[in-house]
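> Structure of the sequence below:
(2 chains)
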2 protein chains.
Amino acid sequence: MNVEALVFDVFGTVVDWRSSVIAACEATGLAGDWGVLADEWRRDGYLRPIVATVRGEAPWRPVEELMRDHLDVLAPRYGLDGVDLDELARVWRRLDPWPDAVAGLTRLKERFTIAPLSNGGFAQLTAMARHAGLPWDCIISTDLFRSYKPDPACYLGALELLDLPAERVMLVAAHPGDLRAAQACGLRAAYVPRPREWGPAAPAPEAPDPAFDVVAEDFEDLAAQLDA
Amino acid sequence: MNVEALVFDVFGTVVDWRSSVIAACEATGLAGDWGVLADEWRRDGYLRPIVATVRGEAPWRPVEELMRDHLDVLAPRYGLDGVDLDELARVWRRLDPWPDAVAGLTRLKERFTIAPLSNGGFAQLTAMARHAGLPWDCIISTDLFRSYKPDPACYLGALELLDLPAERVMLVAAHPGDLRAAQACGLRAAYVPRPREWGPAAPAPEAPDPAFDVVAEDFEDLAAQLDA
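Modelled structure (predicted):
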């Protein structure tokens, strides 16, 4: 393999959105079932409208607007009385990394250009990198393409920005569907399952597809396998 | 002032393009008037077509294509016989920083989001940051807007990507025209003259406009003045 750049899915792959959202809700001082809220926010405020957008069933809108809107639906149901919802929604700019992420990225950056390729927004990912200490070389967000993964335009847009042919770019992700969409555009694929993305009680991650180029336990293992 | 992000002109402001191009020409082993070549490449291969593009006299094309094309004009006139011109043109991805740049940016990054806002290309600026150790939080290049500074679309596009109002963003540049165009869009302006940008024999830089918010000797001085 002649890979020059690694692009990363972020939510779930690099950062632990669930624990970070739970912690932000706990910091309000209210009691609530914050793990369930976090899962629902992610699923219905993010994944569902993203899928609808990529299918052409809804016009593109910035991801932070989608997620902020859904918090208005969640707030009364979860008893978020008196909470500054604009401020709470900005927790998605302050997500904490998985324990191996910063050390692994730092090591990978020695050998490869590293960038997110995320459905997060450009400003959101920039703020998150500052919060979490993610040493990206540049930020690639799908709002640059006014679309969302897994629309092929996102993977192809990243290649154009990096000025690299597809076979020299590898997507790193905890989500097989994202990896398969990248491979369909010619990119390489590294699968890093994150069994705790949806919490301790979540079902086990999908088994690796034999077509994936690399399967790694975490970013340190990925760096070792890529000789970084 | 309530500035949250600093965006930087790059060529001449952060990096010393002239010395870097001269060094790359010297590395060919040929003898030549490389300072004159560097100045002409910058002026006729870059500044002139950029101005024509912003005036609407020429369609937008990627900056690296413009500069590579002009090297075909320069090569026979400057005796670049047998030189790999594609490789030589990539010197613009490997420009060296001014001596104060990395330390100043590192200090400014503690307090502010820092990014280029440059007519360089996205891949070019990403590669340059890796070469020169420029610790950007994100890369903002005008090819994201399919235009060039001083088109207002570039400054306004940067504000949208950063998700900040204009008065919270400051352009740092060695070029008064760039600063005035940014101010016309509501941004703050920091002037850092670089008297040696065009070499030791160049005329003195333009005097600071009294409308500029900050005038600094270099990036360390800028950090001190901005309490970073």
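> quick one: average pLDDT of stretch A:66-85?
Mean per-residue pLDDT for stretch A:66-85: 97.
> Please identify the buried residues of that stretch?
Residues of stretch A:66-85 classed as buried by neighbour count (16 or more other CB atoms under 10 Å in any protein chain shown): A:66, A:67, A:68, A:70, A:71, A:74, A:78, A:80, A:83. (C-beta placed from N, C-alpha, C; glycine too.)
> Please apply the same query to stretch A:158-166.
For stretch A:158-166, burial by neighbour count (16+ other CB under 10 Å) applies to A:158, A:159, A:161, A:162, A:163, A:164, A:166.
> now swap in stretch A:139-153 and tell me
Neighbour counts over stretch A:139-153 (16+ other CB under 10 Å) mark A:139-145, A:147-151, A:153 as buried.
> out of those residues, which touch chain B?
Counting by CB under 8 Å from any CB of the partner chain, A:139, A:144 from the buried residues of stretch A:139-153 sit close to chain B.
> Next, give me the two most distant ones among the buried residues of stretch A:139-153.
A:139 and A:150 (19.4 Å; CB to CB).
> And the helices in chain A?
Applying DSSP state H to chain A gives helices spanning A:17-26, A:34-42, A:48-54, A:63-78, A:85-89, A:101-111, A:122-132, A:152-162, A:176-184, A:219-225.
> most tightly surrounded among those?
Of all the helices of chain A, helix A:122-132 has the most neighbours on average by mean count of other CB atoms under 10 Å in any protein chain shown, namely a mean of 23.
> quick one, domains of chain A?
Using automatic domain parsing, the domains assigned to chain A come out as A:5-16+A:95-225, A:17-93.
> got a markdown table for those, with distance to residue B:185 too?
Formatted as a markdown table, those follow (distance: least, CB to CB, whole Å):
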| stretch | distance to residue B:185 |
| --- | --- |
| domain A:5-16+A:95-225 | 18 |
| domain A:17-93 | 21 |
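> I'd like to know which of those lies nearest to residue B:87.
Residue B:87 sits nearest to domain A:5-16+A:95-225 of all those, at 15.0 Å, using CB to CB.
> What about chain B: which of the buried residues of stretch A:66-85 touch it?
Applying CB under 8 Å from any CB to those, none is adjacent to chain B.
> Which of those residues sits closest to chain B?
When the buried residues of stretch A:66-85 are ranked by distance to chain B (CB to the nearest CB), residue A:68 comes first, at 12.5 Å.
> wait, isn't the closest one in contact with residue A:91?
No - at 11.2 Å, residue A:68 does not count as touching residue A:91 under the criterion of CB atoms under 8 Å.
> got the residues of chain A near chain B?
When proximity is defined as CB under 8 Å from any CB, chain A approaches chain B at A:113, A:115, A:121-127, A:129-130, A:136-139, A:144, A:161-164.
> so where is chain A shaky, pLDDT-wise?
Nowhere does chain A drop to pLDDT under 70.
> residues in contact with residue A:114?
By CB atoms under 8 Å, 6 or more residues apart in numbering or on different chains, residue A:114 lies in contact with A:5, A:6, A:7, A:8, A:105, A:108, A:135, A:136, A:137.
> For the fourth one, list the residues it contacts.
This points to residue A:8. Taking CB under 8 Å, 6+ apart as the test, what residue A:8 contacts is A:14, A:114, A:115, A:116, A:117, A:118, A:171, A:172, A:173.
> ditto for residue A:39
Applying CB under 8 Å, 6+ apart to residue A:39 gives the contacts A:18, A:198, A:199.
> before we move on, the earlier item: of all the buried residues of stretch A:66-85, which two lie farthest apart?
Spatial extent of the buried residues of stretch A:66-85 (CB to CB) is set by the pair A:66 and A:83 at 19.3 Å.
> Next one: the nearest residue to residue A:59 once chain neighbours are set aside from chain B, what distance?
Leaving aside its chain neighbours, residue A:59 sits nearest to residue A:53 (7.4 Å; criterion: CB to CB, 6 or more residues apart in numbering or on different chains). The gap separating residue A:53 from chain B is 19 Å, by CB to the nearest CB, to the nearest Å.
> so how far is residue A:9 from residue A:53?
17 Å (CB to CB, to the nearest Å).
> The nearest residue to residue A:118 once chain neighbours are set aside - how many residues pack around it?
The spatial neighbour of residue A:118 that comes closest, neighbours along the chain excluded (CB to CB, 6+ apart), is residue A:10 at 3.9 Å. Residues near residue A:10, counting by other CB atoms under 10 Å in any protein chain shown, number 26.
> Would you check that residue A:10 makes contact with residue A:115?
No - between residue A:10 and residue A:115 there is no contact, the gap being 10.2 Å when judged by CB under 8 Å.
> What is the burial count for the residue nearest to residue A:81 when sequence neighbours are not counted?
Spatial nearest neighbour of residue A:81, chain neighbours left out: residue A:30 (7.5 Å); criterion: CB to CB, 6+ apart. Neighbour count of residue A:30, defined by other CB under 10 Å: 14.
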